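# curious how this folds, go ahead:
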Amino acid sequence: MLRVRFAPSPTGFLHIGSARTFIFNWLYARHNKGTMVLRIDDTDVDRNTDASRNSIFEGLKWLDLGWDELYHQSERLDLHRQVAWKIFEKGLAYRDFTPASPDLDSKEHSGGPWLFHPTMRELSAEESQRRADAGEQFVLRFRVPRESSTAVEFQDSVYGTQSKLPADIEDFALLRSNGIPTYHMASCADDMDLNISHIIRGQDHLTNTFKHVLIFEAAGAALPTFAHLPLLIAPDGSKLSKRKHGPVVSVTTYRDEGFLPHAFINFLCLLGWSPKDNREQMTRQELTDAFSFEGINHSNAVVNFTEQDPFDPKAVWLNAELIRTMPVEELAKQLLPFVPNAALPKMLQVAPLVQERIKLLKDVASIADFFFLDELPPYDSAELIPQKGDAQMALTVLARASEVLATTEFTHDALDQTLRSAAQQLKVKPGQMFQPIRVAVCGRKNAPPLFETLEVLGRATTLRRLSVAHALLRAAFTLV
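This next block holds a predicted model:
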């Protein structure tokens, strides 16, 4: 059975690149009716944090895709050690007693990249055992067959045949000096034990795969299918990082700024993959049906953003389009967290008025805040004066509006008819009638349609705000 896994490390927030890896794994599993495994790779105890672990689960929960099986790597250390020592027993690993030997294989010396310690590699089995029995610390290293002229190869489903000579691969660590398995050992042991059939991950893991091929072969396990994904990069070509690019690379930032989960998923899918038919807006089922390795690009994908505009315009557009097509009931529920103390019945009335006007859910707080306030914040009384009119005209309009709205029915059609009739009686244009009322009840010129707005606000709130506006304008212009 097809089985894939997403294996984040709880050493930082859930990166949008990691989220895309999860999404691609999920789509591939669902497309092929396979199993989606979530494995928390938490063996790096010095860097793991609860905040990072929470960020991973919060982000994945928000995406609302789910998984079929959950494992924590830290609960499987005995398995990792067993596989490492079986490789050792086959003569394919050795103890490295080099003092203060770093556990990470990134050392360099004057001759170039470090590859191995000849003395340790050639140490006899008897001497190695004697020193281990004496309590001397060691790192367990894989004995790369560097004398072999046969290249280490694997077929990548995205980048094709990959090949590297053993002589160019360092004798990498399997167990650290404290006995904790390394990333390479733990990851491969778990992939074997969990019967992972396809490993889908970022292109930055491509070079690690040569080491993983060696571990699989040494353990006598069949190789999974590998598929490496192009990276997500910033407009300047650099790798996306929180240190350089800020919170825009965190999944929870998109959630908190008002992106819908599916719009975000849709956006990430188009970074490095396409359905080959120019479609951009796709439902979850359409993405699932269309997803394949053949659609994955080789080139890295650019996330377009600036300091002034932190979100990719395509992501914002996809979000706005999805908002416009949502059922009002669902949209209202999604909007509630962005307006403190808002009640669902009122939001159900407001949602259709802002549906075409907002791009992010968070926009409701600035576009429709006046629906949820007892009193409007201060605004410029000059805004009450209509185009080609004066303060006296505005005062007359506000007074007349208060009179007619005290008795008219608060429905769209009745409000429309009443206010247009009042404009004719005052011999002013409809726009000159409507602007002072709109500013009086909304606190701004740009607002949702007037009659629908009045209907939602209701008679009491409307009349109170008209009275406040009238007094404000009269005081500002000392008119009677």
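# any idea which residue sits dead centre in the protein?
Closest to where the C-alpha atoms of the chain average out (CA atoms, centre = their mean) is residue 251, at 2.8 Å.
# and the closest residue to it other than its chain neighbours, how many neighbours does it have?
Of all residues not flanking residue 251 in the chain, residue 59 sits nearest, at 3.8 Å (CB to CB, 6 or more residues apart in numbering). For every residue, glycine as well, the C-beta is placed using N, CA and C. Residue 59 has 23 neighbours, counted by other CB atoms under 10 Å.
# model confidence for residue 59, exactly?
With respect to pLDDT, residue 59 scores 94.
# how close does the residue nearest to the centre of the chain get to residue 234?
17 Å (CB to CB, to the nearest Å).
# check residue 41 too.
26 Å.
# about what we covered before: pretty sure the residue nearest to the centre of the chain contacts residue 62?
Yes. In this structure, residue 251 is within contact of residue 62 by CB atoms under 8 Å, at 7.1 Å.
# where does the residue nearest to residue 251 fall, secondary structure wise?
helix 50-63 (DSSP states H and E).
# I'd like the next helix or strand past that helix.
Counting by DSSP H and E, what follows helix 50-63 is strand 69-72.
# elements contacting that following strand?
strand 35-40 (3 or more CB pairs under 8 Å, 6 or more residues apart in numbering; DSSP states H and E).
# one more pass at 10 Å, please.
strand 3-6, strand 35-40 (3 or more CB pairs under 10 Å, 6 or more residues apart in numbering; DSSP states H and E).
# next one: the closest residue in space to residue 386 that isn't next to it in sequence from residue 277, what distance?
Sequence neighbours aside, residue 432 is the residue nearest to residue 386 in space, at 3.8 Å (criterion: CB to CB, 6+ apart). According to CB to CB, residue 432 and residue 277 sit 51 Å apart.
# and these two? which has more neighbours close in?
The neighbour count for residue 432 versus residue 277, taken as other CB under 10 Å, is higher for residue 432 (19 against 7).
# surely the more buried one and residue 422 touch.
No. With contact defined as CB atoms under 10 Å, residue 432 does not reach residue 422; the gap is 11.2 Å.
# quick check: longest helix of the chain.
helix 450-477 (DSSP state H).
# skipping its backbone neighbours, what lies nearest residue 319 in space?
Counting by CB to CB, 6+ apart, the residue nearest residue 319 is residue 263, at 4.0 Å.
# ok, now which ones touch residue 443?
369-370, 373, 375-380, 383, 465, 469 (CB atoms under 10 Å, 6 or more residues apart in numbering).
# ok, which stretches of the protein are strands?
3-6, 35-40, 69-72, 93-96, 108-109, 112-113, 139-142, 152-156, 160-164, 173-175, 198-202, 225-229, 232-233, 301-302 (DSSP state E).
# output those strands as JSON lines; include the columns mean neighbour count and mean pLDDT.
Output for the strands of the chain, formatted as JSON lines (neighbours: other CB atoms under 10 Å; pLDDT from 0 to 100):
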{"stretch": "strand 3-6", "mean neighbour count": "24", "mean pLDDT": "98"}
{"stretch": "strand 35-40", "mean neighbour count": "21", "mean pLDDT": "98"}
{"stretch": "strand 69-72", "mean neighbour count": "13", "mean pLDDT": "97"}
{"stretch": "strand 93-96", "mean neighbour count": "22", "mean pLDDT": "97"}
{"stretch": "strand 108-109", "mean neighbour count": "8", "mean pLDDT": "44"}
{"stretch": "strand 112-113", "mean neighbour count": "9", "mean pLDDT": "68"}
{"stretch": "strand 139-142", "mean neighbour count": "24", "mean pLDDT": "97"}
{"stretch": "strand 152-156", "mean neighbour count": "15", "mean pLDDT": "97"}
{"stretch": "strand 160-164", "mean neighbour count": "12", "mean pLDDT": "97"}
{"stretch": "strand 173-175", "mean neighbour count": "25", "mean pLDDT": "97"}
{"stretch": "strand 198-202", "mean neighbour count": "21", "mean pLDDT": "97"}
{"stretch": "strand 225-229", "mean neighbour count": "21", "mean pLDDT": "98"}
{"stretch": "strand 232-233", "mean neighbour count": "20", "mean pLDDT": "94"}
{"stretch": "strand 301-302", "mean neighbour count": "16", "mean pLDDT": "95"}
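# of those strands, which is nearest residue 22?
strand 3-6 (4.4 Å; CB to CB).
# packing partners of that closest one?
Checking 3+ CB pairs under 10 Å, 6+ apart, strand 3-6 ends up next to helix 16-31, strand 35-40, strand 69-72, helix 183-193, strand 198-202.
# then the second one to PDB, C-alphas only?
Presented in PDB, the C-alpha positions along strand 35-40 are these (Å, rounded to 0.1, in the frame of the first residue of the first chain):
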ATOM      1  CA  THR A  35      -1.900   6.500   4.000                       C
ATOM      2  CA  MET A  36      -0.700   9.900   5.300                       C
ATOM      3  CA  VAL A  37       1.700   9.500   8.200                       C
ATOM      4  CA  LEU A  38       2.600  12.500  10.500                       C
ATOM      5  CA  ARG A  39       5.900  11.800  12.300                       C
ATOM      6  CA  ILE A  40       7.400  14.400  14.600                       C
END
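# ok so, going back, who touches both of residue 432 and residue 422?
residue 397.
# mind listing what's buried in stretch 290-307?
Residues of stretch 290-307 classed as buried by neighbour count (16 or more other CB atoms under 10 Å): 290-291, 293, 296, 301-303, 305.
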